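K.L.:
based on what follows, work out the 3D shape:
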Amino acid sequence: PFPLDPPPPPPPLHPPRTYESDAKFILVAESEAVYARLSEDRFFDRHPCILVTGRGVPDLATRGCVSSLARGLGLPVLGLADCNPYGLGVLEAYRKGGTEMSVRDRGGLASDVRWLGLRPSQARAMKEGGKLPESVFQRMTERDVAKVER
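P.N.:
All right, here's what the predicted structure looks like:
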């Protein structure tokens, strides 16, 4: 090129992404321990999925990655979380984000996360039916109640 020719334009900041995968769903594990166990057992070999954990409340990058993969691959996002206010709070972080997110960042959310796990009504029925002992239940603390009410 002639030395005075302008340089070529820079590549776009967010080039279009294309993904390919044999996965049937994205599984988000609330805790690193559950994630590790599922990985050790090679859960993804028996059930083709993309296994993810935010190690508790996910950061923006993890939320964005899950959202991008879900949209790019057209996959449902399933959340495996404890049946307590904190487990459900983790799933809400994937769905709605947090107070630290700007409106611009909210495009990187997986708004259709589906909860996998024991529901309170199911736990109650199992307890009443004698299938779960009283020892597996914990009373909600004041912090738990406050989190639910928010």
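
K.L.:
so where do the strands sit in this structure?
P.N.:
Along the chain, counting by DSSP state E, strands occupy 25-29, 49-53, 77-80, 114-116.

K.L.:
list the buried residues of the last one.
P.N.:
Put plainly, it is strand 114-116. For strand 114-116, burial by neighbour count (16 or more other CB atoms under 10 Å) applies to residue 115. Backbone N, C-alpha and C define where each C-beta goes, glycine included.

K.L.:
which strands or helices does it pack on?
P.N.:
Here strand 114-116 touches strand 77-80, going by 3 or more CB pairs under 8 Å, 6 or more residues apart in numbering; DSSP states H and E.

K.L.:
contacts for the strand it packs on?
P.N.:
Where contact means CB atoms under 8 Å, 6 or more residues apart in numbering, the residues beyond strand 77-80 that reach it are 25-30, 34, 66, 70, 90-91, 94, 110, 112-117.

K.L.:
please apply the same query to stretch 49-56.
P.N.:
The contact list for stretch 49-56 (CB under 8 Å, 6+ apart) reads 21, 23-32, 34-35, 38-39, 43-44, 62-63, 65-66, 69, 75, 90, 93-94.
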